[in-house]
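A.B. asks: No sequence on hand, only this structure:
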DNA sequence: GATAAGTACCTGTACGATACAGCTATCTGA
DNA sequence: TCAGATAGCTGTATCGTACAGGTACTTATC
């Protein structure tokens, strides 16, 4: 590996670490404040239910890299708030199928819109190409992460 | 905002959310495992001390977007492990200057190298241009985040 | 220079997110 | 049919964090 490559990798490492820290802080600030609409895992659970359809706890846990017990508790909280419903899995007596409620989807969409607007504000002076490139490269980075965690 | 822009922003939002989740999981997995070398905040504290020089708790807290009490505890843990030293601030009797020890810098560098290598593995099939572009765009994204949080 | 207001740090306490271990109910393959 | 696997839940522990309050020190005002 050349020195230049080393430097670039170091920059990526730094920027990702920074991004994680900012994201944490932002989530904390906006989550604790006026909204308290959706905590971190609740949002990703609802998103995943929306895009990938109703599914059981184990599938969610595997997809989100979380322990089953964690998802159980998150789902219980979501159910308490009326954002998801549990139904017995008709094909497997052990399973429980989690589906989002209209209220849950609406709540998720509201958070999603707020975040999208936030990015729109922050990236207001970016060119269309730069935005597209960022989205693409982040997608590839995530894919690389997935491949590393689940090499097949 | 055009529909295309909206879609791109949505993609960015999605990818950042994914990245945060993967990063969490990765940190958890590598942190709990063989190493237990440095938890999240300890690593960023040591990094910051390395790049920005010795400084007091308040400065660290402000820079890391953390509560002062949180940094106090992190610093105490780092001191217990011999990775930093506390010294009275000669210019302010209330203050305490935190400096990394050689052991602390070494530990930090080891983690940093491991992470950099990890990125090198993951991005092995990326072109040099793509890597550089990712580093640059992530840097600009973080800058945009900073500007939003601390508008001046 | 006395005193009020501000600041730096620490400690007590609480909470949220998570993991692991163990439990019960159910399923599946030999 | 039954032994082992799996799905989900609950108990418990840990970690990172915030907020509130205390103490020691500093700075500004008169």
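C.D. replies: Cool, the structure landed. The shown structure was predicted, so the numbers you read here are calculated from the model rather than taken from an experiment. Numbering: from 1, shown residues only, chains lettered A, B, ... in the order given.

A.B. asks: can we go C-alpha only for contacts and neighbour counts from here?
C.D. replies: Fine.

A.B. asks: how about the residues of chain A near DNA strand D?
C.D. replies: Taking CA under 7 Å from any atom of the strand as the contact definition, chain A meets DNA strand D at A:25, A:28, A:56-59, A:68-70, A:72-73, A:94-97.

A.B. asks: Quick one: low-confidence residue ranges for chain A.
C.D. replies: A:1, A:27-40, A:149-152 (pLDDT under 70).

A.B. asks: Do a quick rundown of the helices in it.
C.D. replies: In order along the chain, chain A carries the following helices (DSSP state H): A:3-32, A:40-52, A:57-64, A:68-80, A:102-122, A:128-149.

A.B. asks: for residue A:66, what are its contacts?
C.D. replies: Residue A:66 is in contact with residue B:25, counting by CA atoms under 8 Å, 6 or more residues apart in numbering or on different chains.

A.B. asks: what's the distance between the residue nearest to the spatial centre of chain A and residue A:72?
C.D. replies: Centroid-nearest residue in chain A: residue A:44, 3.9 Å away (criterion: CA atoms, centre = their mean). Per CA to CA, to the nearest Å, residue A:44 is found 14 Å from residue A:72.

A.B. asks: rewinding a little: in ChimeraX, how would I select the buried members of the residues of chain A next to DNA strand D?
C.D. replies: Selecting just the buried residues from these in ChimeraX takes one command, with 16 or more other CA atoms under 10 Å in any protein chain shown as the test:
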select /A:25,56,57,58,68,72,95,96,97
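
A.B. asks: which of the residues of chain A next to DNA strand D are close to chain B?
C.D. replies: The subset of the residues of chain A next to DNA strand D within reach of chain B, by CA under 8 Å from any CA of the partner chain, is residue A:25.

A.B. asks: Name the nearest of the residues of chain A next to DNA strand D relative to chain B.
C.D. replies: Set against chain B, the nearest of the residues of chain A next to DNA strand D by CA to the nearest CA is residue A:25 (6.4 Å).

A.B. asks: hang on, that closest one packs against residue B:62?
C.D. replies: No - at 11.5 Å, residue A:25 does not count as touching residue B:62 under the criterion of CA atoms under 8 Å.

A.B. asks: Skipping adjacent residues, who's closest to residue A:137 in space?
C.D. replies: Computed as CA to CA, 6 or more residues apart in numbering or on different chains, the closest residue to residue A:137 that is not its neighbour in sequence is residue B:134, at 6.3 Å.

A.B. asks: Just confirm that neighbour contacts residue A:136, I think it does.
C.D. replies: No - counting by CA under 8 Å, residue B:134 sits too far from residue A:136 to count as a contact (9.5 Å).

A.B. asks: more neighbours, those two?
C.D. replies: residue B:134 (24 against 17; other CA atoms under 10 Å in any protein chain shown).

A.B. asks: For that one, which residues are in contact?
C.D. replies: Residue B:134 sits next to A:12, A:134, A:137-138 when contact means CA under 8 Å, 6+ apart.

A.B. asks: buried subset of those residues?
C.D. replies: When neighbours are counted using 16+ other CA under 10 Å, the contacts of residue B:134 contain these buried positions: A:12, A:134, A:137-138.

A.B. asks: Okay, domains of chain A per the record?
C.D. replies: As assigned by automatic domain parsing, chain A contains the domains A:1-36, A:38-149.

A.B. asks: Can I get those in TSV including distance to residue B:107?
C.D. replies: Rendered in TSV, the data for the domains of chain A read as follows (distance: least, CA to CA, whole Å):
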stretch	distance to residue B:107
domain A:1-36	16
domain A:38-149	24
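
A.B. asks: Looking at those, which is nearest to residue B:52?
C.D. replies: Nearest to residue B:52 among the domains of chain A is domain A:1-36 (14.1 Å), distances taken as CA to CA.
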